[in-house]
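Peer 1: kindly return the folded structure for what I paste below:
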Amino acid sequence: MNGRPGQAPADRQRTGGQGVSAATPMDKLWQETDAERLTGEPALVIDVQGFEGPLDLLLYLARNQKVDLSRISVLALAEQYLEFIETARRIRIELAADYLVMAAWLAYLKSRLLIPQQAKDDGPSGEEMAATLAFRLKRLEAMREAATRLINRNRLGRDVYARGAPEHVPTRVESAYEATLYDLLTAYAALRQRQSITQVTIERRRVWSLADARAILTRMIGEIGDWTTLDQYLLRYATTPEERVTAIASAFAASLELVREGRLEIRQEGAFAPIYMRGGPRAAELASSE
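Peer 2: Here you go, the predicted structure:
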């Protein structure tokens, strides 16, 4: 074949025999393929009717409709791929798998173009298959670029070096206290105050109830002959000042109840004056009934 390998005859006819300029995407792909071969990675170069060159370039031309897939022999493509597999699998099995996917899609794409399309066909068309191939090529290219970037990154111990063992720097701590005698005493007093535990117990006061006072006054009515102060009869019961207050309050309330019943009479000559009491008109009657 004349011209650069990998250029289809139909493409050379469209260019008028002048070839492809250096700025075309096809030349760029060819240069990338040459660069890959320079790295030592084997490339699948096929020679079938209507095309001669790498398989990547064939997929690129098929995507851009620059080569007629109907003129390519699938049998020759398969035989050349099997020969390539025998060599490539000894080096890297992943590379053989990539080319297997490309060859399979090329064969399927050609079958879609040769077989007449039915009226109702749920499968993808030839254009869709070409777009799928283009996507797989872009993904393969992105994977190769990512692998190249990872390999070219700086490596620890080769391009960059870690810092050595850290140096031990001794640390010296000195405490300085600035306080007066007053500050020292204040701190000591605050500490003692927090540590001291004070427990306060409030004793329960004895409270005279109204029933207790009424019972005592009822027993005292028979002993009262003339006017007598109320405090005189409560001295025997109010032994402490606290009990005296509650005894007078309860006895005064009970005496009002007995006055209402007619069993007791009380009088007071002035404000805050002593309270006098004596038996009422019904005192003897109620005492006899009880």
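Peer 1: contacts and neighbour counts: CA atoms only from here.
Peer 2: Noted.
Peer 1: pull the number of nearby residues for residue 45.
Peer 2: 19 (other CA atoms under 10 Å).
Peer 1: my guess is it contacts residue 83. True?
Peer 2: No. At 10.7 Å, residue 45 does not count as touching residue 83 under the criterion of CA atoms under 8 Å.
Peer 1: could you chop this structure up by domain?
Peer 2: 9-152, 210-289 (automatic domain parsing).
Peer 1: out of those domains, which gets the lowest mean score?
Peer 2: Across these, domain 9-152 has the smallest mean pLDDT, namely a mean of 63.
Peer 1: next, count neighbours for residue 177.
Peer 2: Residue 177 has 6 neighbours, counted by other CA under 10 Å.
Peer 1: let me redo that: residue 221
Peer 2: Here the count is done by other CA under 10 Å, and residue 221 has 18 residues near it.
Peer 1: isn't it right up against residue 264?
Peer 2: Yes. The pair residue 221 / residue 264 is scored as a contact, 7.5 Å apart, by CA under 8 Å.
Peer 1: residue 282 touches residue 265, doesn't it?
Peer 2: No. The pair residue 282 / residue 265 is not scored as a contact, 10.3 Å apart, by CA under 8 Å.
Peer 1: who's more crowded, the two?
Peer 2: Higher neighbour count among residue 282 and residue 265: residue 265, with 18 against 14, using other CA under 10 Å.
Peer 1: can I assume the more buried one sits in a strand?
Peer 2: Yes. Using DSSP: H, G, I helix; E, B strand; the rest coil, the assignment for residue 265 is a strand.
Peer 1: could you number the chain from 867 rather than 1 from now on?
Peer 2: Right, with 867 as the first residue, what we last looked at is residue 1131.
Peer 1: which parts of stretch 1076-1094 are buried?
Peer 2: In terms of neighbour count (16 or more other CA atoms under 10 Å), stretch 1076-1094 has its buried residues at 1076, 1079, 1080, 1083, 1084, 1087.
Peer 1: check contacts around residue 1066.
Peer 2: Going by CA atoms under 8 Å, 6 or more residues apart in numbering, residue 1066 touches no other residue.
Peer 1: how far away is it from residue 1050?
Peer 2: 30 Å (CA to CA, to the nearest Å).
Peer 1: also residue 1127?
Peer 2: 74 Å.
Peer 1: between these two, tell me which one has more neighbours.
Peer 2: Per other CA under 10 Å, whichever of residue 1127 and residue 1050 has more neighbours is residue 1127, with 14 against 10.
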